[in-house]
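Undergrad: just need the structure, nothing else, for what follows:
(one chain, ligands or ions: 1)
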Amino acid sequence: MTEARDLTRRAGLLRLAGAESRRVGGGRVHGGRHGDVVVKHSAKSPCENTPTSRHCWGNFSTDTNYYDVTPDTGVTKEFWLSVVEGPCAPDGYQRTCMTFNGTIPGPTIIADWGDEVIIHVTNNMANNGTSIHWHGLRMLNNALNDGVPGVTQCGIAPNENMTYRFRVTQYGSTWYHSHFSLQYAEGLFGGMILRGPTTDDYDEDLGLLFLQDWPHVEAFAGWHQAKFGRPPPVDNGLINGTNTFDCRGLAPTDPKCVGSGKKFEMVFEAGKKYLIRLVNVAIDGVFQFSIDGHTLKVVAHDLVPVVPYTTDSVEITIGQRYDVIVEANAPRGNYWVRPGWLLGCGAINKNTDDITGIVRYDPSSTADPESTSTVTPEKVVPTCLGEPVGKTVPYLALDVTNIGGGVINEILDTTFDSYFKWTINTSSLLLDWADPTMGQIFEGKSLFPTDYNVVGVNASSGTDPEWAVLVIQDMSSLRLAHPIHMHGHDFWVLAEQEGIFDGNTTVFNTVNPSRRDVATLPGNGYLAIAFQFDNPGAWLVHCHIAWHASQGLSLEFVESQAQIEVDSVSRAVFDETCASWKNFKPVWEQDDSGI
Ligand SMILES: [Cu+2]
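TA: Take a look at the predicted model:
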């Protein structure tokens, strides 16, 4: 048993994430639901993952269809996470945080493609429930471990624990976070590195780089403004949970500004190629990331390897990840790392120019970089969409075929009903943490409360899973972009367009389109995403802007209800969690959608 190691700790150097070359033994292959087994390398000559053969992974590689095939490592990795609340000052300004094990970010969960993972979560907060989501993991036939309170489980009551179990069927970079109301915005998140092959070569894995916006007012306090459509300004931004903040701009008597923040730093050795795993964990911000004097080679987004491309910056919306390879080929010196807060995409940030980190070629240097950026920021009125969908071509090419599940049209709009809410087909999501959708399914119900925003979908027949297309059309006229995240599936981005979808599906790009788990609905436009009916369960689809999720911008698919299977261990955990939640007398009334 291994405890999660804390590799992306605040204020220190970004340390090696442990993803060194590793050979996977020639184990058995679990066929997926589709049964096709693709093994490119014979068991007799496994291909070793080394700095010059990163596409290899033992008997598997970047050519393996990971939707159908999962390596059987025979390894189970076990982790313990404690959810705590307490004082913090990640940028030198004191406030209250919610964290895993006391750090922002929480411990990094590191596993290999194919491992079984068991995570014990204990809620050590005094008055709040919680529930932890493993972002981007398909949770194949495993909805009960998806961590959405009111959908796949009840809240975890204070002093209770819940054990999550899942198989790692994908590889790459992701994060885990509380899905309980606004908790992740208070610092309750951590990283996941799922080791596997890569579409281009690198020498060292530097691990995760979290880009974050950081208000000095707790999110639950900010909510009282945000719920009326005016989120409070953000005070700062953090890289891997750290940054400086200049107290001189504040009243000299502000005792909370203790000025102890540090810049994030990492060290490059000239000539080496580094893998860096970018994650946007913001509440309300879009970043255009760059490192002065260096180019970025994008090799994966979300948990999908892409055909490598080189760029001077990467635009990344909330919940998205980009794996980039950076070659240390600049003249020796110090360089600014720039998350690149995009003005006009989210709330106002008061510290835009000073959200930075540092790359040093000489670790003994303490000087500030004198580098300048040559990146052209996205235009004055940015689209806030993230990297253009046409740029990110999945390495494992998969087309969308057989759209037998049809086109599901959903209209995004707003309403004012005690506070500002987003609606999907006129209904704003409102969940009851004590009455999850999965529990209603266990009771045999097929009609769900209106404000659970359930869309029932069923594969009609045949062995080849059908596809459906979800089209979300923004009719709110507010011209805000929304990063849409889907649980339980990767999706194929068929269209991401301004204007009105007129029902003409010939505009859809179905030939190996961008495939991922977060894509952006353009303001006053529409997003069309395809997914396959291959994972019976209850799966949330929601905007990842924390305020908008709280304001109900979400629906849930109940997919192939009659085929939903749960294992007995997970079902027992589900029942115990709900039983202890129902015994808990909430101190705080729920006053948002619940997610
Ligand atoms: Cu939104």
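Undergrad: what residues go with each domain of this protein?
TA: Per automatic domain parsing, the structural domains of the chain span 29-200, 205-391, 407-583.
Undergrad: tell me which of those sits most buried.
TA: Ranked by mean neighbour count, the domains of the chain are led by domain 29-200 with a mean of 21 (mean count of other C-beta atoms under 10 Å). (Glycine included, C-beta is placed from N, CA and C.)
Undergrad: now the domains of the chain in TSV, please, with extra columns for distance to E589.
TA: Listed next are the domains of the chain as TSV, based on distance: least, C-beta to C-beta, whole Å:
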stretch	distance to E589
domain 29-200	11
domain 205-391	12
domain 407-583	11
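Undergrad: dump those domains into CSV; add distance to the ion and mean pLDDT as well.
TA: Formatted as CSV, the domains of the chain follow (distance: least, C-beta to the ion, whole Å; pLDDT from 0 to 100):
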stretch, distance to the ion, mean pLDDT
domain 29-200, 14, 92
domain 205-391, 9, 94
domain 407-583, 3, 96
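Undergrad: among those domains, which is nearest D591?
TA: Among these, domain 205-391 comes nearest to D591, with 7.6 Å by C-beta to C-beta.
Undergrad: any idea how far apart the tips of that closest one sit?
TA: One end of domain 205-391 to the other measures 24 Å (C-alpha to C-alpha, to the nearest Å).
Undergrad: shift numbering so it begins at 55
TA: Renumbered: residue one is now 55, and that last one reads domain 259-445.
Undergrad: residue nearest the centroid of this protein?
TA: Nearest residue to the geometric centre of the chain (C-alpha atoms, centre = their mean): G373, 3.6 Å.
Undergrad: and that one, helix, strand or coil?
TA: coil (DSSP: H, G, I helix; E, B strand; the rest coil).
Undergrad: how close does it sit to R221?
TA: Taking C-beta to C-beta, to the nearest Å as the measure, G373 falls 22 Å from R221.
Undergrad: repeat that for F545.
TA: From F545 to R221 the distance is 20 Å (C-beta to C-beta).
Undergrad: got it, and I210?
TA: From I210 to R221 the distance is 22 Å (C-beta to C-beta).
Undergrad: ok, Y473 next?
TA: In terms of C-beta to C-beta, Y473 sits 40 Å off from R221.
Undergrad: what do you get for Q527?
TA: Taking C-beta to C-beta, one finds Q527 at 36 Å from R221.
Undergrad: what about the strands in the stretch 55-204 of the chain?
TA: Using DSSP state E, counting those that start in this stretch, the strands of the stretch 55-204 of the chain run over 83-85, 110-111, 114-115, 123-125, 130-142, 149-154, 160-166, 170-177, 186-188.
Undergrad: go through those and name the closest to N215.
TA: Nearest of those (C-beta to C-beta): strand 170-177, 4.1 Å.
Undergrad: and that closest one, C-alpha only, in PDB?
TA: The C-alpha coordinates for strand 170-177 follow below in PDB (Å, rounded to 0.1, in the frame of the first residue of the first chain):
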ATOM      1  CA  GLU A 170      -7.100  -0.700  -9.900                       C
ATOM      2  CA  VAL A 171      -7.300   2.400  -7.700                       C
ATOM      3  CA  ILE A 172      -8.900   2.500  -4.200                       C
ATOM      4  CA  ILE A 173      -9.200   5.900  -2.500                       C
ATOM      5  CA  HIS A 174     -10.400   6.300   1.000                       C
ATOM      6  CA  VAL A 175     -11.900   9.800   1.600                       C
ATOM      7  CA  THR A 176     -12.600  10.900   5.100                       C
ATOM      8  CA  ASN A 177     -14.600  14.100   5.700                       C
END
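Undergrad: for that strand, packing partners?
TA: If contacts are counted by 3 or more C-beta pairs under 8 Å, 6 or more residues apart in numbering; DSSP states H and E, strand 170-177 sits against strand 130-142, strand 160-166, strand 215-221.
Undergrad: which of the strands of the stretch 55-204 of the chain sits closest to T455?
TA: Taking these one by one with C-beta to C-beta, strand 123-125 is closest: 19.7 Å.
Undergrad: direction included, what does that closest one pair against?
TA: Strand pairing for strand 123-125, using DSSP bridges, gives strand 83-85 (antiparallel).
Undergrad: which stretches of the stretch 405-554 of the chain form strands?
TA: Using DSSP E, counting those that start in this stretch, strands in the stretch 405-554 of the chain cover 411-414, 461-471, 473-478, 508-511, 521-528, 536-540, 545-552.
Undergrad: so where do the strands sit in the stretch 255-404 of the chain?
TA: For the stretch 255-404 of the chain, the strands defined by DSSP E, counting those that start in this stretch occupy 258-268, 290-293, 318-321, 327-334, 341-345, 350-355, 358-365, 368-370, 375-381, 388-392.
Undergrad: okay if I get these as JSON lines plus distance to W487?
TA: Formatted as JSON lines, the strands of the stretch 255-404 of the chain follow (distance: least, C-beta to C-beta, whole Å):
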{"stretch": "strand 258-268", "distance to W487": "26"}
{"stretch": "strand 290-293", "distance to W487": "29"}
{"stretch": "strand 318-321", "distance to W487": "35"}
{"stretch": "strand 327-334", "distance to W487": "27"}
{"stretch": "strand 341-345", "distance to W487": "32"}
{"stretch": "strand 350-355", "distance to W487": "32"}
{"stretch": "strand 358-365", "distance to W487": "32"}
{"stretch": "strand 368-370", "distance to W487": "31"}
{"stretch": "strand 375-381", "distance to W487": "28"}
{"stretch": "strand 388-392", "distance to W487": "39"}
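Undergrad: what residues are bridge-paired with the nearest residue to D528 once chain neighbours are set aside?
TA: With sequence-adjacent residues excluded and distances taken as C-beta to C-beta, 6 or more residues apart in numbering, D528 is closest to L466, at 4.8 Å. On the basis of DSSP bridges, L466 is bridged to I478, D528.
Undergrad: that older thread, out of the domains of the chain, nearest to T455?
TA: domain 461-637 (6.9 Å).
Undergrad: re the thing from before, got the strands of the stretch 55-204 of the chain as JSON lines, with distance to H270 columns?
TA: Output for these, formatted as JSON lines (distance: least, C-beta to C-beta, whole Å):
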{"stretch": "strand 83-85", "distance to H270": "48"}
{"stretch": "strand 110-111", "distance to H270": "44"}
{"stretch": "strand 114-115", "distance to H270": "46"}
{"stretch": "strand 123-125", "distance to H270": "44"}
{"stretch": "strand 130-142", "distance to H270": "11"}
{"stretch": "strand 149-154", "distance to H270": "6"}
{"stretch": "strand 160-166", "distance to H270": "21"}
{"stretch": "strand 170-177", "distance to H270": "26"}
{"stretch": "strand 186-188", "distance to H270": "26"}
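Undergrad: ok, which of those strands comes nearest S235?
TA: strand 149-154 (10.5 Å).
Undergrad: put the alpha carbons of that closest one into PDB.
TA: The C-alpha coordinates for strand 149-154 follow below in PDB (Å, rounded to 0.1, in the frame of the first residue of the first chain):
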ATOM      1  CA  ARG A 149      -8.300  33.300   4.500                       C
ATOM      2  CA  THR A 150     -10.000  29.900   5.000                       C
ATOM      3  CA  CYS A 151      -9.500  27.000   2.600                       C
ATOM      4  CA  MET A 152     -10.900  23.600   2.100                       C
ATOM      5  CA  THR A 153      -8.100  21.100   1.200                       C
ATOM      6  CA  PHE A 154      -7.100  17.500   0.800                       C
END
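Undergrad: alright, calling it a day.
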